[in-house]
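> just need the structure, nothing else, for what follows:
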Amino acid sequence: MNGSARLVLASASPRRKELLTQLGFSAPGFSFDTLSADIDETHQAGESPQVFVSRLAVEKAAAGLALCDNLIAPVVLGSDTIVVLGEQILGKPVDEADALKMLTELSGHIHSVMTAVALTDGKTTLTRLVETKVQFCQLDEQDILAYIATGEPMDKAGAYGIQALGGSFVERIEGSYSAVVGLPMVETRELLKVMNIL
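Numbers count the residues shown, from 1 in each chain. Here you go, the predicted structure:
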């Protein structure tokens, strides 16, 4: 790792933290700080899903950087994940009824999971966007309600987590599994190499 730069993950997600930790396996002494960067995640009129998720990742990285006054040469990683079904962006469900609606819509269909990663040191900002196709099996309402009762869908885009119980609904994926979890490992590793973190 570059001796002068300090990597910061601008996310409270335990899944992103775990994936980023795994990424550093080949770099002796690899470590990073974490912080939570709050931004306005409102979708803007006319904004494509790709532009929207990329903007949020960049804004999270920038907001994280603004909180790093105490660090010398911080490099901040922001990431955002959205689920897209047709033209519809599915964020985190607002309540259980919303989760039921989302999972019912995803049942038996293919949707896209888009994850954007941004890395910034305040002078240079690099981004990558990864799109993965996910096929859900057919779900009955009993399955969906039992899943909602576990609480797992409530803090996840599209109301499911592929790395946990929600994985039992996923028939197949085409693309990056880690991107669906929340951080595309290959692309993030590339960015870290460009910024001399790895």
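
> in stretch 172-184, what counts as buried?
For stretch 172-184, burial by neighbour count (16 or more other CB atoms under 10 Å) applies to 173, 175-184. No exception for glycine: its C-beta is placed from N, CA and C like everyone else's.

> average pLDDT across that stretch?
The pLDDT scores in stretch 172-184 average 97.

> quick one: that stretch to chain centroid distance?
Put simply, stretch 172-184 sits 10 Å off its chain's centre (CA atoms, centre = their mean, to the nearest Å).

> go on, stretch 98-106?
With CA atoms, centre = their mean, you get 20 Å for stretch 98-106.

> the buried residues of stretch 172-184 in strands, which ones?
Counting by DSSP state E, those place residue 173 in strands.

> and the buried residues of stretch 172-184, which of them are in helices?
Using DSSP state H, the subset of the buried residues of stretch 172-184 located in helices is 177-181.

> residue 30: which element?
Using DSSP states H and E, residue 30 maps to neither a helix nor a strand.

> which one in the protein is furthest away from the centre?
residue 142 (28.2 Å; CA atoms, centre = their mean).

> thinking again about what came up before, and of the ones in helices among the buried residues of stretch 172-184, the nearest to residue 78?
residue 179 (14.7 Å; CB to CB).

> state the distance from the closest one to residue 172.
15 Å (CB to CB, to the nearest Å).
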